[in-house]
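> For reference, the sequence and a predicted model appear below.
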Amino acid sequence: MNEKVLLTGISGFIAKHVAIELLNSGYEVIGTVRDINSIEITKKTLEENNASTEKLSFVKLDLLKDDGWDKTAKGCKYIIHVASPFPLKVSNDRESLTPAAKDGTLRVLNAGINANVEHIVKTSSIVCMYRKPNRTNPYTFGENDWTDLEWDKTTDYFVSKTRAERAAWELMESKGIKNKLTCINPGFVLGDFLNEKSCTSMEYIKQLLQGKYPAAPKFSVMISHVKDIAKAHVLSLKNKKAEGRRLIVGSETRSILELSKIMAENIPSHSKKLPKKELPNFMVKLISYVDSSAKNLVPDLGLKMETDKKYAEEILQMKFIEPEVSVVDAAKSVIRLNLA
């Protein structure tokens with residue numbers, strides 16, 4: 001029986017966890033990498049985290065080039081498309097990340113369509129859903145909401161993720177196969193960083209633990225555990241109820257200050273370095289002119305965002321992990337890896 005899965009961006013934070021879930025569920029996995037030098041460290045990391053790598057292989061492919069996608073997808077039963085850029089810094093060019101995110105998504109999906117795969121699961125994000133002008137506070141968003149790409153406060157990462165997911169649905173609908181796609185939409189993804197490879201989630205936790213934030217921005221976001229995200233991807237491959245759906249996968253909303261307090265309580269060795277108070281919004285706006293990473297926070301400062309993710313728990317038949325566990329797992333792994 002063919003249970004082969006093409007997994008894009010396998011060396012990434014979420015994708016490594018997806019690979020573990022796939023391999024331990026008996027799937028054969030072809031993982032794509034941009035750099036062949038990442039293959040050995042990725043394989044070693046997976047083995048160190050109890051993944052059986054007998055059914056694992058790698059292929060070098062580039063989301064910005066057509067070469068090799070059709071050939072690699074041929075013979076696969078499923079595709080899980082995780083790879084997408086998420087830099088810490090914000091570019092003044094709002095479309096700077098769109099080619100890799102949107103064009104890359106279309107390359108992967110077209111390869112899947114040409115190979116007649118049974119199902120495709122794409123990693124998306126709640127950033128595709130909640131950014132728009134004139135929001136109420138608290139603001140409630142859901143599966144049918146979309147980020148406003150015309151709003152000038154929608155930054156490059158939000159633009160790229162939204163364009164990529166919209167393009168994915170438009171392509172599948174144009175082919176009459178919308179049910180062959182599921183999008184997983186997490187919030188701020190935390191949990192165990194399996195190796196030293198940097199990612200934006202890790203950088204935020206690392207900087208908090210290193211004392212780079214004397215005070216925390218008044219920013220709140222839904223917290224998602226990476227193990228839930230990985231499990232959701234794999235469960236969606238064969239779940240009829242997940243077909244054609246956008247699944248919001250995550251737990252409760254927490255502010256950066258609340259996350260800091262959770263870390264301080266559970267990791268007393270670093271408590272002195274963690275912020276104990278919140279920054280006024282105008283200070284964050286001033287900082288954003290010097291440190292572009294703050295630009296992603298500015299439009300949502302002081303906003304309490306709420307969403308109902310119970311439908312996703314019901315579809316996937318799982319209970320999502322609490323944010324306290326997610327942030328403690330993230331912080332402890334950063335310390336274990338000697339990064340803070």
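Structure's in. What do you need? Please read all numbers here as calculations on a predicted model, not as lab measurements.
> need the helix or strand of this structure with the lowest average pLDDT.
helix 281-290 (a mean of 87; mean pLDDT, DSSP states H and E).
> List of residues touching the helix or strand following that helix?
Going down the chain from helix 281-290, the next helix or strand is strand 305-307, by DSSP states H and E. Applying C-beta atoms under 8 Å, 6 or more residues apart in numbering, the external contacts of strand 305-307 come out as 126, 129-130, 138-142, 220-222, 248, 253. To be clear about C-beta, it is placed using only N, CA and C from the backbone, and glycine gets the same treatment.
> Centre of the chain to strand 305-307, how far?
Here strand 305-307 shows a centroid-to-chain-centroid distance of 18 Å under the convention C-alpha atoms, centre = their mean, to the nearest Å.
> Give the buried residues for that strand.
305, 307 (16 or more other C-beta atoms under 10 Å).
> Next secondary structure after it?
Next helix or strand after strand 305-307 toward the C-terminus (DSSP H and E): helix 310-316.
> just to revisit the earlier point, could you work out the most separated pair of the contacts of strand 305-307?
Based on C-beta to C-beta, the longest span within the contacts of strand 305-307 runs between Gly142 and Ser220 and measures 17.2 Å.
> the more surrounded of the two?
A count of neighbours by other C-beta atoms under 10 Å puts Ser220 above the other of Gly142 and Ser220, at 23 against 15.
> who touches the more buried one in this structure?
Neighbouring residues of Ser220 by C-beta under 8 Å, 6+ apart: 253-256, 258, 300, 303-305.
> out of these, who's nearest Ala115?
Among the contacts of Ser220, and counting by C-beta to C-beta, the member closest to Ala115 is Met305, at 38.0 Å.
> Could I get the pLDDT score of that closest one?
For Met305, the model assigns a pLDDT of 91.
> ok, now Asn296?
What the model reports for Asn296 is a pLDDT of 87.
> before we move on, what about Pro85?
Pro85 is assigned 77 on the pLDDT scale.
> Just give the number of residues close to it.
Neighbour number of Pro85 under other C-beta under 10 Å is 18.
> circling back to that earlier point, strands - which of the contacts of strand 305-307 land there?
139-141, 220-222, 248, 253 (DSSP state E).
> so can I have JSON lines of those showing pLDDT and distance to Lys319?
Shown next, in JSON lines, are those (pLDDT from 0 to 100; distance: C-beta to C-beta, whole Å):
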{"residue": "Tyr139", "pLDDT": "95", "distance to Lys319": "25"}
{"residue": "Thr140", "pLDDT": "96", "distance to Lys319": "21"}
{"residue": "Phe141", "pLDDT": "96", "distance to Lys319": "22"}
{"residue": "Ser220", "pLDDT": "95", "distance to Lys319": "22"}
{"residue": "Val221", "pLDDT": "93", "distance to Lys319": "20"}
{"residue": "Met222", "pLDDT": "96", "distance to Lys319": "15"}
{"residue": "Ile248", "pLDDT": "98", "distance to Lys319": "14"}
{"residue": "Thr253", "pLDDT": "95", "distance to Lys319": "17"}
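> Mind giving me the PyMOL select for those residues, buried ones only?
Those of the ones in strands among the contacts of strand 305-307 that count as buried under 16+ other C-beta under 10 Å are selected in PyMOL with:
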select buried, resi 141+220+221+222+248+253
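> Could I get the full set of strands for the stretch 101-250 of the chain?
Taking DSSP state E, counting those that start in this stretch as the test, the strands found in the stretch 101-250 of the chain are 119-123, 139-141, 181-186, 188-190, 220-225, 246-249.
> before we move on, the earlier item: list buried residues within the contacts of Ser220.
253-256, 258, 300, 303, 305.
> CSV please, covering those and showing distance to Arg163.
What follows is the buried ones among the contacts of Ser220, written out as CSV (distance: C-beta to C-beta, whole Å):
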residue, distance to Arg163
Thr253, 25
Arg254, 28
Ser255, 29
Ile256, 27
Glu258, 32
Asp300, 20
Leu303, 23
Met305, 21
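> which one of those residues is nearest Leu88?
Minimum separation from Leu88 among the buried ones among the contacts of Ser220 (C-beta to C-beta) is found for Ile256, which lies at 14.9 Å.
> And the pLDDT for the closest one?
The model's pLDDT for Ile256 equals 95.
> okay but it is in contact with Ala215, surely?
No: contact criterion C-beta atoms under 8 Å: Ile256 and Ala215 do not qualify, at 9.6 Å.
> Find the residues that touch each one of these two.
Jointly contacting Ile256 and Ala215 under the rule C-beta under 8 Å, 6+ apart are Pro275.
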